[in-house]
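Undergrad: Build me a structure from this.
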Amino acid sequence: MFDFIRLQLKLKWGLNRNNNKINAIMTTVIALLAIGVALALVWGLSFVLKSSISAKAKDLSVLYITIVMIGLTVVATGMQMNRLYRPGDINITARFPLSPFKMFISCLILNYIDLLIYSTILLLPIMIVFGVAMHCITASFIFGTILGILFLPIVPFALSIFIAIPIMYINTLLKKHNFIRLILFIAFLVACFVLYYYLLNVLANFFIHRNWEEGTLEIWQNLINGVNGYYNPAYYLSNIIFFDHFWLGAGAMLGFAAVLLTIGILVAKLVYTKIRTKVLDGGSDVYKRFSKIDGANSSLAIFKHTISEIIHTKTYSYFYLGVAISTPVMVFFCNRLVSLVGEAQIGAGINFGASMLVIAVFMAMIGSFSATILSIEGRNFYITKMIPVNFRKQLLIKGVVNVVVSLGALLISAIVLAALNFVSMTELIILVVSQILFVIGLVFNGINLNLANPNLKPKANGEAEEINITIMLIIGILVAAVFGVAGILLPKVWDSSIVGTYVVIIAIGLVYALVNFLVFWFTANKKYRKIEV
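TA: Below is the predicted model of the structure:
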């Protein structure tokens with residue numbers, strides 16, 4: 001059993017778990033950037049609240065610990081579902097010399113170890129930054145934080161065992177209703193983004209204008225008072241970190257978890273046994289659906305096939321279509337925030353450049369998935385070489401699907417900007433034209449990148465999780481930054497004519513699209529011939 005645990009930990013956390021060093025480096029960079037943004041928010045919000053409301057450091061820390069606990073509970077629930085109830089390698093692990101009970105316990109231990117690692121990554125830097133902002137860092141505070149890391153996973157782990165079962169059941173009911181799941185995901189995504197916008201807006205108002213609305217202060221005070229209660233496990237963890245009623249905190253955490261774990265493990269064991277037996281008996285293949293031959297022409301067939309791949313691949317349907325559909329909402333909130341900061345720092349007339357920057361960034365997020373046009377085919381890629389359709393035509397049709405999705409989000413966002421008078425009609429036309437060119441450039445750039453790095457190795461559940469998306473996202477955001485800088489700064493430093501600014505912005509999109517199209521046209525044939533499954 002312990003050999004199996006060591007093997008699984010090595011596969012997930014070992015230094016040699018990924019032969020693609022570039023992928024590991026890029027993942028690390030993205031993770032560090034995300035952590036940096038989160039820590040900046042923690043410091044800013046702590047500094048603002050410390051300066052504006054009467055809250056002790058211990059009381060305010062409960063708010064952050066609660067957020068971390070909620071996040072860990074979500075992560076832990078996902079791990080319970082993936083490892084216990086729908087593992088992709090169950091047919092392999094069933095052949096290991098381990099009884100079902102030992103396999104069940106091994107999965108629970110692996111989940112707890114993973115949570116402990118995540119707890120260290122999340123809680124330690126957050127509490128250090130919090131301590132700096134609140135001027136409460138001492139030797140006992142650091143030691144308490146280390147103890148808190150050991151206690152933090154207990155409650156999320158115990159809760160996740162309970163929560164995973166009903167969620168798994170609901171997810172099974174909605175398995176054939178992917179559209180409903182997509183709507184729920186979009187609602188969740190927008191809610192998280194609105195909350196993120198609200199936090200940034202609070203910080204921007206304070207640091208730029210030094211003004212707080214009285215109602216906002218009252219909301220934050222009530223929120224901090226609300227989470228500081230005996231019913232909140234984070235309250236007891238804060239007792240451990242600050243050595244305030246330490247034994248009460250430790251005893252409550254352990255007692256709360258012991259009750260949940262005892263009941264949860266008994267129920268989970270029963271469910272685990274039933275699902276394991278069903279999968280091994282072939283129950284997962286009962287509802288397989290076979291495709292029909294509909295006699296459609298080749299272009300339409302490829303178009304429909306591409307859309308089907310997007311809808312039935314979780315990464316695409318959630319993070320691709322989900323972001324595309326929710327983009328207009330996020331553009332609205334981003335524009336308000338960027339306009340607020342821009343007017344304070346640069347002056348009035350910032351809306352055009354801010355809108356350009358915001359929309360270009362979201363176009364980059366959507367367009368980054370064009371870098372998987374080939375690799376999503378996986379080991380079935382050889383079919384693309386066998387069918388009697390020119391490969392350029394195949395790639396262009398797949399690219400058209402990506403363009404259509406991006407332009408749908410772009411046009412709805414443009415309508416939002418026009419309806420709310422963020423920009424003038426002339427500025428809106430320039431913005432739309434430049435971003436259409438940008439989208440075309442993104443699609444060809446993604447195709448070129450995917451031709452150079454097809455990455456056709458089989459992926460779990462057909463997902464499009466690969467380095468190409470990350471690289472394409474970085475390239476797209478860099479180009480989006482060029483659009484934003486041009487739209488914001490050129491009108492301020494170029495006094496001759498606003499028409500010159502418009503020409504430069506259109507030229508940026510045109511050059512980007514033209515260069516990537518030419519690279520595709522002259523190099524695609526050679527790259528495509530080298531690709532083998």
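Undergrad: What is the neighbour count of residue 150?
TA: With neighbours defined by other C-beta atoms under 10 Å, the count for residue 150 comes to 12. C-beta coordinates here come from the backbone N, C-alpha and C atoms, glycine included.
Undergrad: element containing the spatially closest residue to it that is not a sequence neighbour, please.
TA: Counting by C-beta to C-beta, 6 or more residues apart in numbering, residue 116 is the residue found nearest to residue 150 once chain neighbours are left out, at 7.6 Å. Remark: residue 116 resides in helix 100-134, with elements defined by DSSP states H and E.
Undergrad: what's the average pLDDT for that helix?
TA: Mean pLDDT, helix 100-134: 85.
Undergrad: what comes into contact with the next helix or strand after it?
TA: Counting by DSSP H and E, the next helix or strand C-terminal to helix 100-134 is helix 139-151. With C-beta atoms under 8 Å, 6 or more residues apart in numbering as the test, helix 139-151 has contacts from 65, 116, 119-120, 123-124, 127-128, 131, 237, 240-243, 250, 253.
Undergrad: which one of those residues is nearest residue 520?
TA: Nearest to residue 520 among the contacts of helix 139-151 is residue 120, at 44.9 Å by C-beta to C-beta.
Undergrad: how much space is there between that closest one and residue 152?
TA: According to C-beta to C-beta, to the nearest Å, residue 120 stands 9 Å off from residue 152.
Undergrad: the more surrounded of those two?
TA: Neighbour totals were compared for residue 120 and residue 152, and residue 152 leads with 28 against 15 (other C-beta under 10 Å).
Undergrad: what sits against the residue nearest to that one when sequence neighbours are not counted?
TA: Distance criterion C-beta to C-beta, 6+ apart; nearest residue to residue 152, sequence neighbours excluded, is residue 119 at 4.3 Å. By C-beta under 8 Å, 6+ apart, the contact set of residue 119 is 68, 72, 149, 152, 153.
Undergrad: Relative to residue 64, how far out is residue 119?
TA: Residue 119 is 13 Å from residue 64, by C-beta to C-beta.
Undergrad: Residue 303 now?
TA: Plainly put, residue 303 is 48 Å away from residue 64 if you go by C-beta to C-beta.
Undergrad: Same drill for those two, tell me which one is more crowded.
TA: Between residue 303 and residue 64, counted using other C-beta under 10 Å, the more crowded position is residue 64 (21 against 17).
Undergrad: element containing the more buried one, please.
TA: helix 57-80.
Undergrad: go on, residue 235?
TA: Residue 235 is part of helix 233-241 when elements are defined by DSSP H and E.
Undergrad: Can you give the distance from that helix to the centre of its chain?
TA: 29 Å (C-alpha atoms, centre = their mean, to the nearest Å).
Undergrad: What's the mean pLDDT across it?
TA: Per-residue pLDDT values over helix 233-241 give a mean of 89.
Undergrad: Show me the contact partners of it.
TA: With C-beta under 8 Å, 6+ apart as the criterion, helix 233-241 contacts 58, 61-62, 65-66, 69, 127, 141, 144-145, 147-148, 151-152, 155, 227-229, 244-246, 248-250, 252-253, 256.
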